[in-house]
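Novice: Next input, structure requested:
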Amino acid sequence: MNDRGRLQSTMASLQCQTSSDFEWVVVDGGSSDGSRELVTNAVTAFDSQGVSVNNIFESDDGLYDAMNKGVRAAKGGYVMLLNAGDTLSNPCVLAHAIEEVIAGGTPEMAFFGATAHYPGELKVCLPAKECWPAVRHSLPASHQATWFKRLTHLKVSYDPRYKVSADYYVVATIATSGSSTGSYNLNLVDLDKSEVSVSYRNPLTHLRDCARIQRSVLRLNIGYVVVSLLNRAAKKAFWIFAARSSLRWIPRKLLIMRDAWITRDR
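Specialist: Numbering: from 1, shown residues only. Here you go, the predicted model:
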């Protein structure tokens with residue numbers, strides 16, 4: 001809501017796709033900055049490309065309520081959810097992702113890579129992991145780079161009990177149901193990290209929610225959950241440093257060292 005500039009970037013990345021095999025569902029909880037007009041005016045251009053646009057302009061109860069509305073309104077075989085400012089990585093990437101998913105047997109959940117762009121030209125690659133065992137600790141891929149079969153997702157909504165980790169709840173619940181999954185070596189999305197995410201604005205709530213999901217959904221023992229919580233807390237502290245311009249050299253240096261180690265290890 002009220003993020004017209006970043007929404008325009010997302011829209012532009014959709015308009016330039018070589019594939020038109022998608023629909024765009026826009027959920028706006030009440031913008032007053034011209035976002036609604038931006039989307040409405042773009043409908044004709046999308047129609048000319050063979051892409052339908054479904055606008056939902058109504059109040060909601062927060063991010064996850066808006067995401068549930070988007071999933072319910074979608075009509076395609078798969079759904080993916082982008083925040084304003086997130087963009088598809090290149091004009092051909094959607095077509096390539098569709099090919100990969102079909103070749104992989106159309107799993108219930110498909111995980112792709114993403115690149116997070118932080119202020120100060122700090123860029124972090126987030127490759128997709130295999131669902132198991134990654135989901136025991138965290139999301140196998142960024143939620144924006146995850147595809148869900150729509151009918152599967154309709155059975156598992158974003159639960160408002162989890163204030164900042166409902167995306168982890170959805171993935172964990174679907175994964176434990178025995179649904180098929182696939183992980184692909186394709187960078188699908190560029191994530192705009194110019195603003196601090198909800199989980200980083202509420203670190204304690206995020207840590208608590210994840211621990212609850214690990215216990216109640218994944219049925220992990222308390223020892224594993226404690227170790228996972230400490231690891232997650234350390235990573236969160238690292239990225240809090242990354243958000244501070246005066247200290248950004250620390251994560252930049254560590255990332256360079258990490259990338260060098262990974263390259264050597266291969």
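Novice: Show me where the chain has its strands.
Specialist: Here the chain has its strands, by DSSP state E, at 24-28, 53-57, 78-79, 87-88, 109-118, 122-126, 146-149, 181-192.
Novice: ok, for Arg150, nearest residue in space, not its chain neighbours?
Specialist: Nearest residue to Arg150, sequence neighbours excluded (Cβ to Cβ, 6 or more residues apart in numbering): Val79, at 5.1 Å. All C-beta spots, glycine's among them, are computed from the backbone N, C-alpha and C.
Novice: Can you give me every residue that contacts that neighbour?
Specialist: Gly70, Val71, Trp147, Phe148, Arg150, His153 (Cβ atoms under 8 Å, 6 or more residues apart in numbering).
Novice: Could you pick out the buried ones from the residues you listed?
Specialist: Gly70, Val71, Trp147, Phe148, His153 (16 or more other Cβ atoms under 10 Å).
Novice: nearest to Leu229, of the residues you listed?
Specialist: Nearest to Leu229 among the buried ones among the contacts of Val79: Phe148, at 26.3 Å, using Cβ to Cβ.
Novice: hang on, the closest one packs against Thr106?
Specialist: No: using Cβ atoms under 8 Å, Phe148 is not in contact with Thr106; the gap is 11.8 Å.
Novice: still on that earlier bit, widest-spaced pair of the contacts of Val79?
Specialist: The largest separation in the contacts of Val79, counting by Cβ to Cβ, is between Gly70 and Trp147 at 13.7 Å.
Novice: will you turn the strands of the chain into CSV that also has distance to Asn202 and mean pLDDT?
Specialist: Below are these laid out as CSV (distance: least, Cβ to Cβ, whole Å; pLDDT from 0 to 100):
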stretch, distance to Asn202, mean pLDDT
strand 24-28, 21, 96
strand 53-57, 26, 95
strand 78-79, 25, 98
strand 87-88, 25, 98
strand 109-118, 19, 93
strand 122-126, 21, 84
strand 146-149, 21, 98
strand 181-192, 18, 97
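Novice: Could you identify which of those strands is most buried?
Specialist: strand 146-149 (a mean of 24; mean count of other Cβ atoms under 10 Å).
Novice: Show me what that strand is packed against.
Specialist: strand 78-79, strand 109-118, helix 166-176 (3 or more Cβ pairs under 8 Å, 6 or more residues apart in numbering; DSSP states H and E).
Novice: could you dump those to JSON lines with distance to Arg4?
Specialist: Shown next, in JSON lines, are these (distance: least, Cβ to Cβ, whole Å):
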{"stretch": "strand 78-79", "distance to Arg4": "24"}
{"stretch": "strand 109-118", "distance to Arg4": "19"}
{"stretch": "helix 166-176", "distance to Arg4": "24"}
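Novice: Out of these, the one nearest Gly62 is which?
Specialist: Across the helices and strands packed on strand 146-149, Gly62 has its closest neighbour in helix 166-176 (9.8 Å, Cβ to Cβ).
Novice: buried sites along that closest one?
Specialist: Buried residues in helix 166-176, counting neighbours by 16+ other Cβ under 10 Å, are found at Ala166, Asp167, Tyr168, Tyr169, Val170, Val171, Ala172, Thr173, Ile174, Ala175.
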